[in-house]
Structures are given as C-alpha cells and as structure tokens.
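Undergrad: Would you be able to build a 3D model of this:
(chains A, B and C)
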Amino acid sequence: MDATVIIQLFVSGLTVGLLYALVAIGLTLIWGVTDIINFAHGEFLVIAMYFGFFTYSLLGVSSILAMPVAVVFLGVLGWIVYRYVISRVLKSENILSQIVVTFGISVFLQSLFLFLFTGDYRSVDNDPWIKGDVQVGGIFSSTPEVITSILSLVVIFFINLFIKKTYTGKAIIATSLDRETAQLMGINTERMNSITFALGIACLGVGGVVLPITTHVSPYSGFLFAVLAFTIVALGGFGSVVGTILAGVIVGMIQTFGGFFVEPAYKYLCVFVLYLLVLMVRPKGIFGW
Amino acid sequence: MKLLEIKNVTKRFGGLFANNRISFDISQGEIIGLVGPNGAGKTTLFNCISGYYPPTSGNILFEGREIKNSPPYKVCARGIARTFQIIENFQKMTVLENMMVGAFKKHKYKGKAFKKALKVSEFIELSDKNFEYASDLSPPEQRRLGLGMALATEPKLLMLDEVMAGLTPKEIDEVLDLLRKVRDSGVTLIVIEHLMRAVMSICERIFVLDYGEKIAEGNPEEIAHDEKVIQAYLGKSYAQG
Amino acid sequence: MNVKKENLIRSSLLVISVFILIYPFLFKAAFYQHIMIMVFMYGLLAVSWDLMGGYANMFSFGHSAFFGIGAYTSTVMLIHWGINPWIGMIVGGCLSGIVGVLISYPTSKLRGHYFAIATLAFLFVTKILLENWRFVGAAQGLSVPMVKESSLLYFQFHGSKIPYYYIMLGLLVLGVVLTKWVIRSRIGYYLRALRESPEVAQSLGINTAKYRLIAIALSAFLAAISGTFYAQYVLYIDPPSAISLHISVQVVLISVFGGTGTINGPLLGTAILIPLINLIGAWLGGAGRGIAFMVFGAVIVVMCLIQPDGLIKYFEGWKLSNRRENEAA
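TA: All right, here's what the predicted structure looks like:
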C-alpha cells in the first residue's frame, strides 16, 4: 500500500470532515443550549447554497461574495424562527411537538425551494475565484475543499472565542449547563436561546455559499448534510465545540477510508453503522454533557 | 423461614454509602417500621429490595430465594409490591384502570382483572371514584390509589414509602385502620414513615437508620428510649441531657 | 354527554361509513379513487406508527423502512420463487416485525430525540443496502410481474382501481380493529402504563422492555402490510419510492397533527391531510406539488403551536355512553 495513497485519503477525509464540522457546529450549539434538535438544519444550509449559486449565475461573480448576505439573512431568519415558532413550542413541553415542528419547517422550506427553483440540480461550474487544485508534495486537494476547511477552522475559532471570552458567550454556556441557575443569576435565558439559534443558523451561511462548487444544490440536498450533521453532533456530544470538530473529522475519515477500502457506494453506510454502534455504547456522545 | 432477609446490604453511589451493611429479618404477618432522619437511606433500601438497582454487596432473600439481582417486574412476580414517595399514578387512566394494571399481574383476563380491581377499590374505600381520572383525585386519595394498585398485584409483602405524608390527623387514623386491615388480610407490611406517632401506634417492630447504617432495632417502647435514636433525631446534647 | 349529541354522532358515523362504502361509485374518476386509496394506505401506516410512537413512546422516523421491507419481501418472493403476493404480504409482515425487534435492542436505551435520530440512521442504512443489493434490483428497483387478467388471487387488477379501493379499505379496517383490540386488552393497559410511568409500571410487574417489543413488532407488521399493497398497486418499487424519508416524515407529521396515542387521531389526521395535499397538488398544476407541501408544512407547524396534542383533542369528551362501561367489561 502506497503511503501517498494513505496520506491522500487522510487529507481528503480531513477536508471533508472539517466541512461537515462547519455544518454541524451550528447544530451542536443550538442543541446544547436550547435543547432542541433543529431537524430543518439542512434546509437552512440549502438557503445558503442557493445564495451562493445565484450570486454566481445571476451576477457572475464568485459565490463566496454571497457570504455576508447569507450570514446576515440566515441570522435574522434564525432569530425570527426561534422567536415566533420554536420558543412557543418549547413552552408546551411536548417533546414530540418539538421534534415535529422543525420537521414541519423542513418540509415547508423544501417545498418552497421546489416551488421557487424547481427540482433541478444546480452547481457552480466555474467560479471566478475558487477553482483549481492545490498540490503539496504528491497530495491533491481541490481549492474549494481547502477554502471550506480554512473557513471551518476560522468560524470555529471565532465561535470558541466568542463563547469563552465574551459575557454573552459565557452566559450561553451557563444556560446550556443549568438553565435554572442561569436564570437565578439574572441571565435572560430566552434571549440566550434566540441568540444561539440565530448564531447557529448564521454559521451555515459561511460554508453553505461555496458548497455548490464542490457539490450540487437542489431542494433535496439538505437531507444528507443534516443527517451527517446529526451523526456528528451525536458522536461528538451535544454542545461540545471540540467534540464537533473531532467527530466531524472522524466522520470525514470514515467516509473517505470506508469508501476506498469497502466500496464507494457504501461510504455513508460506514458512517451510519459506526454511529449506531457508538449510540449503543455512549448515547451522550464522546464529549457530550 | 423468614419472609424477607436482608444480609449485610451495602449500596454505594460513588463515594457515598447510602446503605452500609444493613441486616435484619422480617417474618410473615408483621408490620415493620423503617425510620430515620432524611437521607438515612430508607428509600435506597426499598429500591434495592424492589429491584431498581442491585446492592453493591450483601444479599436479599425473599422466602429463602436470592432476589438482589432481579429486576422490578420479577420482584413483583415473587410477591413484593411497593408505593412511591412521589405520587406517580397513571394520571391519564381512571382509578379502576389504574388498579386493573396491577390486577393483571395475577389475573390475565380483562374480566377477572376488572372484578379484582372492583374488590380492591372497595377495600381501600375509593369505590365512589372508580370512573374518575387519577389526575382528578386529591393527594390523600392518590396515595390510597397507589396503595390499591400495589395491593391489586396480590403481594405477600407490601412496602409503603411515606404513605401518610401531608395527611390530617383524621386521615392518618383512617390510613392506619386501612393498614391494619391489609395486614389482617395476610399481607406483611414495611412502612417508611416520618410521623412518629403513626409508626409507634401501628408498628410491632421498628428499624432505625441513620447515615446509611442500622442504629437500632426493637419494639416501639425500646426505640423511644434508645439513646442512639434520640441522638440521631435530636442531637447529642439532648440525648445526654 | 346528552342523548341528542350522541344520536347526532351515531348518525354522522353511519353516514360517513355509507359514504366510504359507495364512494367509488360516486366518484368514478381514477384520480379521486386514488386519493382515497392513499388515505387508506397512509391511514394504516399512521395507525401502525401510533402504536409505536404514541403508545410505546418510540418516535420512529424510519417507519418507511418497514413499509419498504413489506413491499420488497412480497415482490422478491414473487419474482424469484413465484410465491403468491398475499402470502408474501404475511411473510413480509413477519420479517418486518423481526427487523423491528432486532433494531430495538441497540436503541432501547435511547429516548426521545436520540431515538428519532437513530431511526433516521437506520432508514438510511436500509436504503443504501437495498440500493446496492442486486438480488433486490439495486437502484433500478423491481417490477412486479404482470398477470394477464385482473385477479384477486394474484393481487393485481388492471383497468379499474375499484378492487384496490376495497382491498385497502379492508386492510385498514382489519388493521384498526386489530390495533384497537390490542389497546383494549391487557397489552394495551400495560402499554399505557409504561407510557406514563415506566417505574411504577415495573413495580406492578410489567416487563417494560418486553411490551415495547410487542408494540414495535405489531407496528412493523402492519406497516409492512401497507408496503405490499403499495407494490401490488403501483407494480413497481425502487429504493426512493419504497424507503423514503418523505413517507416516514409524512406518517409522523400526519399522526402528530391528528393526535398521537389515540389511534383515532392519526386516522383523523390522515383523512384531512392526504386529500388536502393531493387536491392542492392537482389543482395547481406544475408547481402544485411544491405548494401542496408548503401548505402541509405550514399546517403542521401551526398545529404544533396551537394544539400540541393534536386535532383529536377537540373531540376529547365525545364518547358514546355505553362505551365507558363496556370498556372494562
């Protein structure tokens, strides 16, 4: 077995994994703080993807330029969705409703895309800025993949900074650890929830806009990313930023190595089977609380 | 043969010894009191006996057979029933249905379970509420329902966890009469209770726990004068003074 | 409840029953018959889901996998060994039940959200496996071999949907009767007990794990029945159509909309939402499908906000008087 091949697989797994981690980071924050699983996470990602695609196809510029717009749009949308939908369902304390309502949003958004953009697959074939390959030694990685990996690390770094260093960030951690005590300490936990939710959704705007370069976007694209994100969050532990990165990379590795050694068609299968196995042993994830 | 034998039962949670080498025996037909300050380990012992978790070490023998590793439903099958400190009856079901759930243990057919539930309901004097939802009952009635549900399983040993909490003196007397009726029908009772006068008036033997250990055992007279017991409840100076 | 209201309910039920029985002769267009057939099919799916999700508190988002197992089992048995689809249906049901039981072992410790995600993973795994298994047609799927003439024996009818209508109706009625019988029996009491308070249930001698398994097995069995029907109705199955998240999610959402844990709730939800989706989709032409599901999604969200217990909650007191006493007898 050629060492180059192994290293190549490793690098591919790493870039793919970091991308997944970027998608999952919002989910783990939302989950850890508000205790709600956003089953519509994939569809919010797709919103960002369409932003990126149309920036390229309608304006002719690099899809990455859509990022600021996408981030702001998603942040506001996330805040609105939390304030008017999620928070009310949380009050009812009916777990099934909480699960179902985000599914309802997911169905709604998916159908909205179908209606607005039809079911066609779109992709950015020739992005003016982000294209080509990066080669180090004998190892290849496509520019989009490298960019998303860097973006992922940057975003995660800033989120970590935000959480650890700012007052709001610490308040968010407090809320996720013990809601009641946080409230007793004067923290407006509802506001923490809405900030976290908005932040979590906004994160998707970062990576989502450049995704159409490496993969296609359609109304149905969200599902796969969402399920992978859940797997990552469940593996890494809800609320754990470090866990998300590690789990994301692990999933990326399993996918790449599994796809190579077992069979390409089974690459996702390996991921899910592993997930089910981990669930049996440590339901709370590797780093979860 | 003793009905229930607790031999050196210890239950550890991490560094905390909730039960520490507790031993005692219970014979058929007794009414036993299990008392002690809060946190002494009474409910923990109940949980070990009824199978919610196994003791860390020691043995629990019921009618001569080891039950320490049996899960709750098997313990019930052997003939031990219990009530819970926090009321957790089936709120969305009617009083009769609640008791039918218990009755099904020994009466597999719905018709028979129904009849058994009717009988139990009459026994505990909740008949007039048979078709009410459990959520509509007052707290004392809910406790009686819990008792009824346990009785419906036709246990040989019934363990009651603070069944008299929050009752008025009159209600307490009613429950005491009910407990005597239960014992007279052939069921052995272990009662966890904080209310000393209730314990003293009904229990023939009392075990006192403190900090997870059994510190005294005897009839009400002996317990009332036991120095260690007084110390546990009221403090050292009172005992000596 | 006064006598007048009761009589009103009785007569309404009678009218509805008659309507359902003569419907295919009132609405001769295939499209309208198709809608009702879908109502019956999803109705059975929803009822089966409720058994698992509403009574055993296991919110499965992978129910389509059981549906698919049913569809595939009967079809594969027919194609490879020439076995009659009716028999295949029973076999598919049993196989589905076994799979359900097997899946429950690793997932038994999971609750709520975690269980839901595990079922999603399970759905995905099943789908990928089937997509790559040549014996079952892989991604191309399987076509049910045609028989020359419409035949009840071979469970295939050409030209008219009417036989399918009555068969699915019959299957639904059987499924509902079976489910309600179970709910009213000792098993049903135990399920309701463990749904509310597993610890108390255990103390009363209920082996909660065992009864959960029973609920899952029965639930999976009924879902598979729907699957076989689908295969014989559409005469072609492939992974996307038989094992789809779309179906799974619809079943859950419809059941929650109607009200879980009641059997009647999911039926009500199906009766309202399936026609709604299909009619909107048809009336609005090309983009109709998108709009139909937008409406569906929106309706679900709204229902979760204003009445999390589902539509059936508004009918809560509506019991026919002799039922209560009969309940226990």
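
Undergrad: For the chain, which segments count as strands?
TA: Went with chain A since none was named. Secondary structure of chain A (DSSP state E): strands located at A:133-136, A:139-142.

Undergrad: Actually, chain B is the one I wanted.
TA: If DSSP E is used as the criterion, the strands of chain B fall at B:4-13, B:16-26, B:31-35, B:57-62, B:65-66, B:80-82, B:157-161, B:188-192, B:205-210, B:213-218.

Undergrad: Which among these is found nearest to chain C?
TA: strand B:80-82 (5.5 Å; C-beta to the nearest C-beta). (Glycine included, C-beta is placed from N, CA and C.)

Undergrad: Any residue of that closest one touching chain C?
TA: Yes: contact of strand B:80-82 with chain C is found when judged by C-beta under 8 Å from any C-beta of the partner chain, involving B:81, B:82.

Undergrad: May I have the strands that pair with that strand, each with its orientation?
TA: Partner strands for strand B:80-82, per DSSP bridges, with pairing direction: strand B:157-161 (parallel).

Undergrad: Alpha carbons only: can I get the strand it pairs with in CSV?
TA: Output in CSV follows, covering the C-alpha atoms of strand B:157-161 (Å, rounded to 0.1, in the frame of the first residue of the first chain):
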residue,chain,number,x,y,z
LEU,B,157,-45.0,-8.2,51.2
LEU,B,158,-46.1,-4.6,50.7
MET,B,159,-43.6,-1.7,51.1
LEU,B,160,-45.0,1.7,51.7
ASP,B,161,-42.9,4.8,51.2
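
Undergrad: can you pull the contacts of whichever residue of chain B sits closest to chain A?
TA: Ranked by C-beta to the nearest C-beta, the top residue of chain B for proximity to chain A is residue B:92, at 13.8 Å. Shown here is residue B:92, whose contacts under the criterion C-beta atoms under 8 Å, 6 or more residues apart in numbering or on different chains are B:133, B:134, B:135, C:192, C:196.

Undergrad: who wins for neighbours among the residues you listed?
TA: When neighbours are taken as other C-beta atoms under 10 Å in any protein chain shown, the top entry among the contacts of residue B:92 is residue B:134 (24 neighbours).

Undergrad: residue contacts, that residue?
TA: Contacts were defined as C-beta under 8 Å, 6+ apart; by that measure residue B:134 touches B:89, B:90, B:91, B:92, B:93, B:94, B:95, B:98, B:142, B:145.

Undergrad: Apply 6 Å and report the result again.
TA: In this structure, residue B:134 makes contact with B:89, B:90, B:91, B:98, judged by C-beta atoms under 6 Å, 6 or more residues apart in numbering or on different chains.

Undergrad: For the third one, give me phi and psi.
TA: As for residue B:91, its main-chain torsions (degrees, to the nearest 10) stand at phi -60, psi -30.

Undergrad: Likewise for the second one?
TA: Residue B:90 adopts backbone torsions of phi -80, psi 90, taken as degrees, to the nearest 10.

Undergrad: what number of residues lie near it?
TA: Neighbour count of residue B:90, defined by other C-beta under 10 Å: 26.

Undergrad: And the first one, by the same measure?
TA: Residue B:89 is surrounded by 27 other residues when neighbours are defined as other C-beta under 10 Å.

Undergrad: excluding its backbone neighbours, what's nearest it?
TA: Leaving out its chain neighbours, the residue that sits closest to residue B:89 by C-beta to C-beta, 6 or more residues apart in numbering or on different chains is residue B:134, at 4.5 Å.

Undergrad: ok, so what distance separates the one you found from residue B:168?
TA: Distance of residue B:134 to residue B:168, computed by C-beta to C-beta, to the nearest Å: 21 Å.

Undergrad: Pop the domain breakdown of chain B in here.
TA: What the record gives for chain B is the domain set B:1-79+B:156-241, B:86-154, from automatic domain parsing.

Undergrad: What average pLDDT does the longest one get?
TA: For domain B:1-79+B:156-241, the per-residue pLDDT values average out at 88.

Undergrad: Up against chain C, what does the stretch 101-250 of chain A have?
TA: A:101, A:103, A:104, A:107, A:108, A:111, A:112, A:114, A:115, A:227, A:230 (C-beta under 6 Å from any C-beta of the partner chain).

Undergrad: List the contacts of the closest residue to the first one other than its chain neighbours.
TA: Closest residue to residue A:101 in three dimensions, ignoring its sequence neighbours and counting by C-beta to C-beta, 6+ apart: residue C:304, at 4.1 Å. When the contact criterion is C-beta under 6 Å, 6+ apart, the partners of residue C:304 are A:89, A:97, A:100, A:101.

Undergrad: Please repeat the previous calculation with a cut-off of 7 Å.
TA: Residue C:304 sits next to A:89, A:97, A:100, A:101, A:104 when contact means C-beta atoms under 7 Å, 6 or more residues apart in numbering or on different chains.

Undergrad: isn't residue C:239 right up against residue C:129?
TA: No: assessed by C-beta atoms under 7 Å, residue C:239 is found out of contact with residue C:129, at 9.1 Å.

Undergrad: The two - which one has more neighbours?
TA: For residue C:239 versus residue C:129, the count of surrounding residues by other C-beta under 10 Å is larger for residue C:239: 23 against 14.

Undergrad: hey, what's the residue nearest to residue B:223 when sequence neighbours are not counted bridged with?
TA: The shortest distance from residue B:223 to any non-neighbouring residue, by C-beta to C-beta, 6+ apart, is to residue B:206 (4.8 Å). Applying DSSP bridges to residue B:206 yields these beta-bridge partners: residue B:33, residue B:218.

Undergrad: quick one, what contacts residue B:206?
TA: With C-beta under 7 Å, 6+ apart as the criterion, the residues that contact residue B:206 are B:33, B:35, B:199, B:218, B:220, B:223.

Undergrad: where's it relative to residue A:136, distance?
TA: The spacing between residue B:206 and residue A:136, counted by C-beta to C-beta, is 79 Å.

Undergrad: Please apply the same query to residue B:185.
TA: Taken as C-beta to C-beta, the spacing of residue B:185 relative to residue A:136 amounts to 84 Å.

Undergrad: hmm, the helix or strand harbouring residue C:194 touching chain A?
TA: With elements delineated by DSSP states H and E, residue C:194 resides in helix C:186-196, which encompasses its position. No: remark: helix C:186-196 sits outside contact range of chain A, by C-beta under 7 Å from any C-beta of the partner chain, the gap being at least 11.9 Å.

Undergrad: Can you pull the residues of chain B lying near chain C?
TA: Taking C-beta under 7 Å from any C-beta as the criterion, the contact residues of chain B with chain C come out as B:50, B:72-73, B:76-77, B:81-82, B:84, B:88, B:90-93, B:96-97, B:100-102, B:104-105, B:108, B:110-111, B:114, B:131, B:149, B:153.

Undergrad: from memory residue C:143 sits against residue C:238, does it?
TA: No: using C-beta under 7 Å, residue C:143 and residue C:238 do not qualify as a contacting pair, with a distance of 9.5 Å.
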